[in-house]
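fold the following, please.
(chains A and B)
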Amino acid sequence: MPFLQHSPAFILFCALTCALLTALLPSVSDPGFAADAENAAADLTSIKAAGVLRIAITHFDIPPFHTRQPDGAFIGKDIEFAHELGDALKVKIVFVDDPPTFDAVVQTVAKGDADIGLSKLSQTYDRVAYVRFSEPYLTLRHALLYNRAVVSRISNGAAPEEALRAFAGNIGVIGASAYVDFATADYPKAKIVPFPTWEATIEALKSGKVDMVYRDEFEVRSILIHEPALHVEFGAAVLSDRRSFLAMAICDTCVKLEEFINYFIAQHPRAYLLDELLSVQYAD
Amino acid sequence: MTKLGPFLKALKRWLNHPLTVLGSVAIALVLGTSGWHFVDSLRPIGDLYIALLQMCVLPFLLTTIPLAVRSAMTGATNAVVIRSLAGWIVCAVVVVAMIGVLVPVIVFHFVPFDGSTIAAMGALVGGTAGKVDLEFPIDQSGSSIGAAADSGLLALVPSNIFSALSTNDTMPVLVFAAIFGTSMVVCERRSGRSLFSALQSLHDACLLIFQWLNLLVPIGIIALIAPQIAPLGPRVYIVLAHFSYVFFGLSAAILMLSIVILAVALRLDVPLTFARFSRPLMVAAATRNTLACIPIAIETMTRELRASPETCELYIPVGFASLRFGTILHFAVATMFVGALLGRSFSTGDILMVAILSVAGSFATLGISGAAALVPLAGVLRPFGLPYELAFPLLVIIDPLVHMVRIMLNVAVNCIIPALAAGSRLPQAALVIPAE
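Below you'll find the model as predicted:
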């Protein structure tokens, strides 16, 4: 082999250069998801030894998944599920609620500031590159809420499905969420407009800044239950072949923790049921 | 047996009395709104009654149409009457369609929708579970392409008459009966022989069966109407008040007008016409099947109201099978209702187009019944940018009641056409009908 004919010093130089590049590459491509070297070895054993499982959730409420009460305590389906997981692990649960976005929850886990993220997180190609994901605990189909008049005009007398498939107007999504990626992939001709919150996204739809919003069927159906008047002006559609796999983000080194969580999820197959979530939301 | 004879006659008279029919409707409405669970168990009785009525409809049509064709070709129903029929058909279609668009435009202009009504309607659309309007895949690959439907004219041709008979496909049966009747008349002229006397016997036998079944009309009305009313709570009518008031108000006006026109055309008293014509109307409401009403409509028109039997027997089967005046009115009012709900204004051209599309849409419902008959409404709404996905869930809630009224309108308006075209079969002096 020709490279074996080089001097040992040259081979050593090449090896060190490769090692350095490999170490730097993730932080160059996306510093937000860079792993913290100190936490690289974190896994089930170290978590149990510490007696604490740090769980990242978004700073904003996502009822009925998690909501902060006036006294600062959290309630919701995610919170109940987290405490049950803590009981199974025999550790205390600590919530890390700084992340301002869904992506930030994943970044928090990737950086090692939390062991897992449990905040209605969807798996995406980008996120999978930086953290592990558990098996999905809930699968939701993607959904649209659209301005009926605009879509009817585009349909030109035909059924609205085709106009919705090839929509090229403004689509509102929550910024730094998985739906930015989903909408970009499904609607390459449309202009994807991010908003800081779901409430702001809905307001943009009402005010006509966007003609359609893109999220999952739970959130779309939920808004129709809470604001039924919207259903007259705005239509709702489910994309039957597009799904969000809601799963826990797990630190990249936590192989055994992932195994434990997957077993825990398998033991709780009915922890999250769409109709039950909608009825809880409705009861609120 | 001799003692039973008068009792049975009295029972028959009582069962056929218009007040008994109207009383049955009142009982059905009371039961339907009572909330009693047993009301739903009346459905099998109602289904049995419809099955009995439908049992003889096709044999009746197969005998009636050739006889009517013979009557037309041998001069009993002359060309003037046929031209007059065509004229009154056009008149009736135009009047119903224009009323259906103009009255809602005026009403919805002066009675706009308020926020709470819109919210309540939104809740009706999605239900308590926030149901979505559509589900479809983004990727179309692998989705099946539906077989092309038969074109309108091709669907009328009975390539296999036995298949059409076995599937209750009425229009091809009517086309076959008309062609077959024509050929029978031609054969009769050539050879002097025909089956018409046998057909007349079969026709009379069918009519007799229908007369027997007419004794069950009060039971049929109660068993069919009460379970239809039961699921509809009063809230539905409040939420859909704009549509309900206009559609039911217009329908009532057209039904009353039809009775007055019948009375004038047949030179009868209005109360008497109302009393006798209420029976086919109530059977229409109960069965929600226009074709099942053909025999009772012909019987009422020719025997009780003394309309020209030749004209009635020629027109009523064809008219009942092909002209759906109730659907025209329903589609026109529904389109203006959805337009008003979404704040869409209609120009004069739009209004005319809604009327034309409502008529075209009514033809698209031929052979379809139930909620599926609402599907052609999409073809009326969408050209104006109005979403069918919004209209359907609202209209389907109230459709059990609207369906009854649609069929009543089909029967009423179709019955005035032969009356206007041919008038009474008796001279003025002979028009003394004994009161029952």
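
show me the contact partners of the helix or strand where A:F218 lies.
Using DSSP states H and E, the element containing A:F218 is helix A:217-226. Contacts of helix A:217-226 with the rest of the structure, by Cβ atoms under 8 Å, 6 or more residues apart in numbering or on different chains, involve A:140-145, A:198, A:202, A:213, A:230-231, A:236, A:238, A:274, A:277-278, A:281-282, B:122, B:126, B:128-132. For the C-beta atoms, the positions are set from N, CA and C on the backbone; glycine is no exception.

please redo it, this time with the cut-off set to 7 Å
Applying Cβ atoms under 7 Å, 6 or more residues apart in numbering or on different chains, the contact partners of helix A:217-226 are A:140-141, A:143, A:145, A:198, A:202, A:230-231, A:236, A:238, A:274, A:277-278, A:281-282, B:126, B:129-130, B:132.

next: stretch B:173-183.
For stretch B:173-183, with Cβ under 7 Å, 6+ apart as the criterion, the contacting residues are B:58, B:61-62, B:65-66, B:69-70, B:156-158, B:161, B:164-165, B:317-318, B:321.

so which residues on chain B come close to chain A?
Counting by Cβ under 7 Å from any Cβ of the partner chain, chain B comes close to chain A at B:115, B:118-119, B:121-123, B:125-126, B:129-130, B:132-139, B:341-342, B:382-383, B:385-387, B:389-390.

circling back to that earlier point, out of the contacts of stretch B:173-183, which are buried?
Among the contacts of stretch B:173-183, those scoring as buried are B:58, B:61-62, B:65-66, B:69-70, B:156, B:158, B:161, B:164-165, B:317-318, B:321 (criterion: 16 or more other Cβ atoms under 10 Å in any protein chain shown).

for the biggest strand by length in chain A, which helices and strands make contact with it?
As far as residue count goes, and with DSSP state E defining each element, the longest strand of chain A is strand A:234-246. On a contact count with 3 or more Cβ pairs under 7 Å, 6 or more residues apart in numbering or on different chains; DSSP states H and E, strand A:234-246 meets strand A:138-147, helix A:148-155, helix A:178-186, helix A:217-226, strand B:134-136.

so B:V185 makes contact with B:V69?
Yes: using Cβ atoms under 7 Å, B:V185 is in contact with B:V69, at 6.5 Å.

that older thread, flag the least confident of the buried ones among the contacts of stretch B:173-183.
Lowest in pLDDT among the buried ones among the contacts of stretch B:173-183 is B:L156, which has 75.

for B:S322, see how far away that one is.
Per Cβ to Cβ, to the nearest Å, B:L156 is found 9 Å from B:S322.

what sits in contact with each of those two?
Both B:L156 and B:S322 are in contact with B:M171, where contact means Cβ under 7 Å, 6+ apart.

quick one on the thing from earlier: check which element follows the longest strand of chain A along the chain.
Once the chain leaves strand A:234-246, the following helix or strand, as judged by DSSP H and E, is strand A:249-250.

show me the contact partners of that next one.
A:105-106, A:109, A:116-117, A:121, A:127, A:131-134, A:257-258, A:261.

off-centre distance for that strand?
Counting by Cα atoms, centre = their mean, to the nearest Å, strand A:249-250 is centred 10 Å from the centre of its parent chain.

quick one on the thing from earlier: now the helices and strands packed on strand A:234-246 in a markdown table, with mean neighbour count, mean pLDDT and distance to B:L262?
As requested, the helices and strands packed on strand A:234-246 are arranged in a markdown table below (neighbours: other Cβ atoms under 10 Å in any protein chain shown; pLDDT from 0 to 100; distance: least, Cβ to Cβ, whole Å):
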| stretch | mean neighbour count | mean pLDDT | distance to B:L262 |
| --- | --- | --- | --- |
| strand A:138-147 | 22 | 96 | 49 |
| helix A:148-155 | 20 | 89 | 42 |
| helix A:178-186 | 21 | 95 | 60 |
| helix A:217-226 | 22 | 93 | 48 |
| strand B:134-136 | 17 | 92 | 45 |
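
please identify which of those is closest to B:V413.
When the helices and strands packed on strand A:234-246 are compared for distance to B:V413 using Cβ to Cβ, the nearest one is helix A:148-155, at 32.0 Å.

and the residue of the stretch 301-436 of chain B that's closest to chain A?
Of all residues in the stretch 301-436 of chain B, B:G385 sits closest to chain A, at 3.9 Å by Cβ to the nearest Cβ.

what's near enough to touch B:P66?
Contacts for B:P66 (Cβ under 7 Å, 6+ apart) come out as B:177, B:180-181, B:184, B:199.

remind me, longest helix of chain B?
What stands out as the longest helix in chain B, according to DSSP state H, is helix B:388-422.

so which of the helices and strands packed on strand A:234-246 comes closest to B:R276?
helix A:148-155 (47.3 Å).

now for that closest one, which elements pack on it?
Applying 3+ Cβ pairs under 7 Å, 6+ apart, one finds that helix A:148-155 makes contact with helix A:160-165, strand A:234-246.

would you mark the buried spots in the longest one?
Going back to what we said before, that points to strand A:234-246. By neighbour count, and taking 16+ other Cβ under 10 Å as the criterion, the buried residues in strand A:234-246 are A:234-239, A:241-246.

going by distance to B:F243, which of the residues you listed wins?
Of all these, A:G235 has the smallest distance to B:F243: 19.4 Å, by Cβ to Cβ.

surely that closest one meets B:F136?
No: taking Cβ under 7 Å as the definition, A:G235 is not a contact partner of B:F136, at 12.0 Å.

show me the shaky parts of chain A.
Filtered on pLDDT under 70, chain A yields the residue ranges A:1-41, A:281-284.

same check, this time on chain B
Along chain B, segments meeting pLDDT under 70 span B:1-4, B:75-78, B:128-129, B:141-153, B:230-235, B:367, B:424-436.

just give me the residue right at the centre of chain B.
B:I407 (2.8 Å; Cα atoms, centre = their mean).

can you check chain A too?
The geometric centre of chain A, computed from its C-alpha atoms, lies nearest to A:L121 (Cα atoms, centre = their mean), at 2.7 Å.

can you get me a residue count around the closest residue to it other than its chain neighbours?
The spatial neighbour of A:L121 that comes closest, neighbours along the chain excluded (Cβ to Cβ, 6 or more residues apart in numbering or on different chains), is A:A249 at 5.5 Å. The number of residues packed near A:A249 is 29, by other Cβ atoms under 10 Å in any protein chain shown.

burial of A:E84, as a residue count?
Under the criterion other Cβ under 10 Å, the count of neighbours that A:E84 has is 15.

I'd like to know how far it sits from A:K90.
The gap separating A:E84 from A:K90 is 12 Å, by Cβ to Cβ.

common neighbours of these two, please.
With contacts taken as Cβ under 7 Å, 6+ apart, not a single residue reaches both A:E84 and A:K90.

and A:L89, what does it touch?
Residues in contact with A:L89, defined by Cβ under 7 Å, 6+ apart, are A:48, A:53, A:260.

distance check, the first one against A:G86.
Same thing as A:K48. Spatial separation of A:K48 from A:G86 under the definition Cβ to Cβ is 11 Å.

now do the contacts for the residue nearest to the centre of chain B.
Residues counted as contacts of B:I407 (Cβ under 7 Å, 6+ apart) are B:284-285, B:288-290, B:326.

which residue is the nearest non-sequential neighbour of B:I296?
Distances taken as Cβ to Cβ, 6+ apart put B:P280 closest to B:I296, at 4.8 Å, once the chain neighbours are dropped.

helix or strand right after the strand or helix carrying that neighbour?
Per DSSP H and E: B:P280 is located in helix B:270-287. If you walk from helix B:270-287 toward the C-terminus, the next helix or strand you reach (DSSP H and E) is helix B:294-299.

run the chain-centre distance for that next one.
Averaging C-alpha positions (Cα atoms, centre = their mean) puts helix B:294-299 13 Å from its chain's average.

on that earlier part again, so which of the contacts of A:L89 sit within strands?
When those are checked against strands (DSSP E), the matches are A:L53.

how about a markdown table for the contacts of A:L89, with distance to chain B added?
What follows is these, written out as a markdown table (distance: Cβ to the nearest Cβ, whole Å):
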| residue | distance to chain B |
| --- | --- |
| A:K48 | 42 |
| A:L53 | 34 |
| A:F260 | 35 |
